[in-house]
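Engineer: mind folding the following:
(2 chains)
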Protein chains: 2
Amino acid sequence: MLPEDKEKKTINVKDNILEKAIEVFSKHGYEGTSTRMISEAAKVNISALHYYWGDKWNLYQASLIRVNKRIHKMHLKIGEKIRFCSIEEKIDIAVKDMTDFFLDNPEGSSLILEVLHVNQNSKNEIDDEVKKSIYKNLSEVFNILYSETEPSKERMFEAFAITYLFYNLIKGKAYFQQVLSITDEEYKNYINNVIKKRFACILNEGN
Amino acid sequence: MLPEDKEKKTINVKDNILEKAIEVFSKHGYEGTSTRMISEAAKVNISALHYYWGDKWNLYQASLIRVNKRIHKMHLKIGEKIRFCSIEEKIDIAVKDMTDFFLDNPEGSSLILEVLHVNQNSKNEIDDEVKKSIYKNLSEVFNILYSETEPSKERMFEAFAITYLFYNLIKGKAYFQQVLSITDEEYKNYINNVIKKRFACILNEGN
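Structural biologist: The predicted structure follows:
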């Protein structure tokens, strides 16, 4: 094997473990997940998992960073798309695209919702890098929609509120649909409406 | 022991197991909890736990019903208190009292948030009685605040959205405070404001 091929393989193995970790954590939660479950899902030896990623806590934090990077990319893409739109159009398009993104990537919502649970129970503290990536994602929504570069704490709290609402509506899809007996399409419309209204409310407060 | 004393003791043991179950489930989640953990917390033999409550799933559902009953009682109390107030006062007082209640009973929020997770993974289906008690709690908020006795599905979706937002803000208290570096008092005010605004928005849409 050529040296660059070996390096590539290493990256692939390491990356594959992380991807499977995201899946398993989002399905079973931090406490319900063992490194063995992840190594089995990734079809690698458990010692390889520990070699590349250290302990469960490290792998969990790496999963959070990866998921937040995806959200960040999605934000950038939306930001480009709506750059020259009116604020009403901005909210319209952004919420539609964000809903589609989160519905397509439900593991992101599950994983980030879990942080609340983990943070409550764990003796480990969430890493500063993770916190920063979450904070950045939240503040950039204000940047994209309202051109606010340094939102106040109150605005950031609003961002948390909307974002976690989003995650709940995604994670709770099956459950809420069951209780309300509505179709996929209706549910998607409800999410769009409720989140759009929320952003519109914030807009009015900002003025 | 007199027969009525024995009956009383039975109720106490059974009840105590349920109370401990609520604590353990809310701390470790459904998957992270074993009946052994609950029997240890309740200081009873595991066979006693199974005798009174059957399996983990049954005990989990009973915990949900108990927690929802508490929320229902809180709603009734608030309903009485604000009965003759203006709608603005109603929202003001109700949100303040609800925030206090949920901050004082964080295990309720954790447990109900967990339903989304459990429902996604479990082969068991949430019991109709549990669903009904959740649905009833949500619709009675509309009844108390806006005198709507049969809210539409869209309104019910709004109720879900606000309620789950509430639960997240309670469960995420330590985490959000850390990230935003704000005090307990500030955090409470933020919750009050964000939820009040949400109810006020719904009011305007209803008209």
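
Engineer: C-alpha from now on. contacts and neighbour counts both.
Structural biologist: Fine.

Engineer: show me the contacts for A:I191.
Structural biologist: A:T99, A:F166, A:L169 (Cα atoms under 8 Å, 6 or more residues apart in numbering or on different chains).

Engineer: quick one, what contacts the last one?
Structural biologist: Think A:L169. Here A:L169 is in contact with A:F176, A:I191, B:A161 (Cα under 8 Å, 6+ apart).

Engineer: who are the packing partners of the lowest-mean-pLDDT helix or strand in chain A?
Structural biologist: In chain A, no helix or strand scores lower on mean pLDDT, DSSP states H and E than helix A:106-121, which sits at a mean of 79. Helices and strands touching helix A:106-121, by 3 or more Cα pairs under 8 Å, 6 or more residues apart in numbering or on different chains; DSSP states H and E, are helix A:3-32, helix A:56-82, helix A:153-171, helix B:153-171, helix B:173-180.

Engineer: try it again with 10 Å
Structural biologist: helix A:3-32, helix A:56-82, helix A:87-104, helix A:153-171, helix B:3-32, helix B:106-121, helix B:153-171, helix B:173-180 (3 or more Cα pairs under 10 Å, 6 or more residues apart in numbering or on different chains; DSSP states H and E).

Engineer: confidence-wise, which of those is weakest overall?
Structural biologist: The minimum mean pLDDT among these belongs to helix B:106-121 (a mean of 79).

Engineer: return the distance of that helix from the chain's centre.
Structural biologist: Put simply, helix B:106-121 sits 9 Å off its chain's centre (Cα atoms, centre = their mean, to the nearest Å).

Engineer: buried residues in that helix, which are they?
Structural biologist: Using 16 or more other Cα atoms under 10 Å in any protein chain shown as the test for burial, helix B:106-121 gives B:106-120.

Engineer: is the helix or strand just after that helix positioned near chain A?
Structural biologist: As assigned by DSSP states H and E, the chain's next helix or strand after helix B:106-121 is helix B:128-146. Yes. Helix B:128-146 comes into contact with chain A (Cα under 10 Å from any Cα of the partner chain), by way of B:D128, B:K131, B:K132, B:I134, B:Y135.

Engineer: in CSV: these, plus pLDDT and neighbour count.
Structural biologist: Formatted as CSV, the residues of helix B:128-146 next to chain A follow (pLDDT from 0 to 100; neighbours: other Cα atoms under 10 Å in any protein chain shown):
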residue, pLDDT, neighbour count
B:D128, 82, 10
B:K131, 81, 16
B:K132, 83, 14
B:I134, 81, 21
B:Y135, 80, 17
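
Engineer: between these, which is closest to A:L49?
Structural biologist: B:K131 (40.8 Å; Cα to Cα).

Engineer: what sits closest to the closest one if chain neighbours are left out?
Structural biologist: A:V179 (6.8 Å; Cα to Cα, 6 or more residues apart in numbering or on different chains).

Engineer: walk me through the domains of chain A.
Structural biologist: A:1-54, A:65-206 (automatic domain parsing).

Engineer: distance of A:E140 from A:L203?
Structural biologist: In this view, A:E140 and A:L203 are 15 Å apart by Cα to Cα, to the nearest Å.

Engineer: so between those two, which is more surrounded?
Structural biologist: The residue with more neighbours, out of A:E140 and A:L203, is A:E140; 21 against 16, by other Cα atoms under 10 Å in any protein chain shown.

Engineer: next up, the contacts around that one.
Structural biologist: A:H72, A:H75, A:L76, A:G79, A:Y146, A:S147, A:E148, A:T149, A:E150, A:P151, A:A159 (Cα atoms under 10 Å, 6 or more residues apart in numbering or on different chains).

Engineer: out of the residues you listed, which are buried?
Structural biologist: A:H72, A:H75, A:G79, A:Y146, A:P151, A:A159.

Engineer: distance check, the first one against B:A161.
Structural biologist: Counting by Cα to Cα, the gap from A:H72 to B:A161 is 24 Å.

Engineer: same question, the last one
Structural biologist: Taking Cα to Cα as the measure, A:A159 and B:A161 are separated by 15 Å.

Engineer: just the C-alpha atoms of stretch A:101-114, please, in CSV.
Structural biologist: Extracted C-alpha coordinates of stretch A:101-114, given in CSV (Å, rounded to 0.1, in the frame of the first residue of the first chain):
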residue,chain,number,x,y,z
PHE,A,101,-32.7,20.0,6.4
PHE,A,102,-33.7,18.9,9.9
LEU,A,103,-36.3,16.4,8.6
ASP,A,104,-33.6,14.9,6.4
ASN,A,105,-31.0,14.9,9.2
PRO,A,106,-33.0,13.9,12.3
GLU,A,107,-29.9,12.5,14.0
GLY,A,108,-28.6,16.0,14.4
SER,A,109,-31.7,17.1,16.3
SER,A,110,-31.6,14.0,18.5
LEU,A,111,-27.9,14.4,19.3
ILE,A,112,-28.1,18.1,20.2
LEU,A,113,-31.3,17.6,22.3
GLU,A,114,-29.4,15.0,24.2
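
Engineer: run the chain-centre distance for that stretch.
Structural biologist: 5 Å.

Engineer: equivalent analysis for stretch A:63-80, please.
Structural biologist: Centre to centre, stretch against its chain (Cα atoms, centre = their mean), the figure for stretch A:63-80 is 8 Å.

Engineer: that stretch: which residues count as buried?
Structural biologist: A:63-68, A:70-72, A:74-75, A:78-79.

Engineer: pick out the most distant pair among those residues.
Structural biologist: Pairwise over the buried residues of stretch A:63-80, using Cα to Cα, the maximum falls at A:S63 and A:G79, 24.3 Å.

Engineer: which parts of stretch A:153-169 are buried?
Structural biologist: Of the residues in stretch A:153-169, A:154-169 count as buried by neighbour count, 16+ other Cα under 10 Å.

Engineer: nearest to B:A41 among those?
Structural biologist: A:N168 (30.1 Å).
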